[in-house]
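Chemist: Next input, structure requested:
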Amino acid sequence: MKINNITVLGAGLWGSVLAQHFAQTGFKVSLWEYDAKLLKAIQSGGNAHPNIPGFKFHQNITLTGDKEAAVKETDLLVYVISSKAIRGFSREIKPLLAGRVIPVISGSKGLEDKTFKTMCEIIEEELPHLDGMVFALSGPSFALEVAKGVPTKIILAGHNGPVMNDLRQQLSRPPVIFETSYDRRGAEYGGAIKNVIAIGCGILDGIALGANTKAALLTQAMAEMAMIMISQGCTAEAVYGLGGLGDAILTGMSAISRNRRLGEKLGQGLTLEQAKEQVGTIAEGANSVQSVYDLIQKNKLNCPVITAIWQILINGAQPRSILKALGFEYE
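Modeler: Residues are numbered from 1 along each chain as shown. The predicted structure is shown next:
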């Protein structure tokens, strides 16, 4: 399988940086974005991304707001849009694909409310002719660091070994190296849950607690993450690999993590809507927290830390209530 043309759906931070990586690797890239204001800002700024310092789009990238033009000649679709938009968008592009069988990579992280379906499962449900050709992309990979050339390893997970290996070989180029996994469900559940955990780490930062407390939270939250993932048939390797523990450490500890920053704003006393507005870009943990909590309830799992994070985000509980979940008393 030879890839020549790649379509990246979503010109946010990660979508733009992935498009840049693919272009620098030698592919022709169509980068689609629904937000006309963002497209205009990029084009009027000399093809520079307004949210990535010093970043200018490669000449192999064509920016567009036209879905049909974006997917017309593509050999590979890469989703990097909000998890909430995955199902609807997949329905919209189905007629545009006209039955063509091409691989799809989902870089979007989250679980669908009520169904608990992963993003890859939703794509396969809406585009059934691509069953077995949909892969998950996950792992510790801050877009701003990749843009600076920081060496980065990420997981490409799926069920079709030959196609997955072809993608790994063709898409890997320093500084971004792809590793493969057959546990796609594990990669996706890990990617969704770690964002919720990162919000909890941020809440501790917002109430000005130190590294000792955050280490306690991260340790207990990882045990809860393992409990949830194993209950859903994921492997221990997925829990403690790049897409689980690796990504949880990155997003929970780093100052540039959007989910951690969202939690920090909540810890400082802002409402969820105020926190979202100040963070600016999508923090997927806020989208995933309800479905992760519902999954805990459905399976009668004991996950006090993640439950406390849900209470703070959804019910407006006091940020310091997360300490009780860790076994501390609080006023």
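
Chemist: drop to CA atoms for contacts and neighbour counts, all remaining ones
Modeler: Noted.

Chemist: Now do the SS call for residue 135.
Modeler: Classification of residue 135 using DSSP: H, G, I helix; E, B strand; the rest coil returns strand.

Chemist: and it, how far is that from residue 231?
Modeler: Distance of residue 135 to residue 231, given as C-alpha to C-alpha, to the nearest Å: 22 Å.

Chemist: quick one, which of these two is more surrounded?
Modeler: Neighbour count, other C-alpha atoms under 10 Å: between residue 135 and residue 231, residue 135 has more, with 32 against 14.

Chemist: Quick check, the more buried one in contact with residue 118.
Modeler: No. Look at residue 135 against residue 118 with C-alpha atoms under 8 Å: they stay out of range, at 11.2 Å.

Chemist: tell me the domain boundaries of this protein?
Modeler: According to automatic domain parsing, the chain comprises the domains 5-182, 186-325.

Chemist: how about CSV for the ones you listed, with mean pLDDT added?
Modeler: Listed next are these as CSV, based on pLDDT from 0 to 100:
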stretch, mean pLDDT
domain 5-182, 95
domain 186-325, 94
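
Chemist: Please identify the deepest-packed of those.
Modeler: Counting by mean count of other C-alpha atoms under 10 Å, domain 186-325 has the highest mean neighbour count of the domains of the chain, with a mean of 21.

Chemist: Between the two ends of that domain, what distance do you get?
Modeler: 25 Å.

Chemist: ditto for stretch 201-216
Modeler: 10 Å.

Chemist: Same check on stretch 59-75?
Modeler: 19 Å.

Chemist: go on, stretch 240-257?
Modeler: 20 Å.

Chemist: what's the answer for stretch 69-85, then?
Modeler: Per C-alpha to C-alpha, the first residue of stretch 69-85 is 19 Å away from its last.

Chemist: Repeat that for stretch 107-117.
Modeler: 15 Å.

Chemist: so how far is it from its chain's centroid?
Modeler: Centroid separation between stretch 107-117 and its chain, computed with C-alpha atoms, centre = their mean, to the nearest Å, is 11 Å.

Chemist: One more: stretch 230-249?
Modeler: 14 Å.

Chemist: And the helices in the stretch 51-200 of the chain?
Modeler: Remark: helices assigned in the stretch 51-200 of the chain by DSSP state H, counting those that start in this stretch are 67-71, 86-97, 119-126, 143-147, 161-171, 184-206.

Chemist: and those helices as CSV, adding distance to residue 318?
Modeler: Listed next are the helices of the stretch 51-200 of the chain as CSV, based on distance: least, C-alpha to C-alpha, whole Å:
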stretch, distance to residue 318
helix 67-71, 43
helix 86-97, 32
helix 119-126, 32
helix 143-147, 32
helix 161-171, 45
helix 184-206, 10
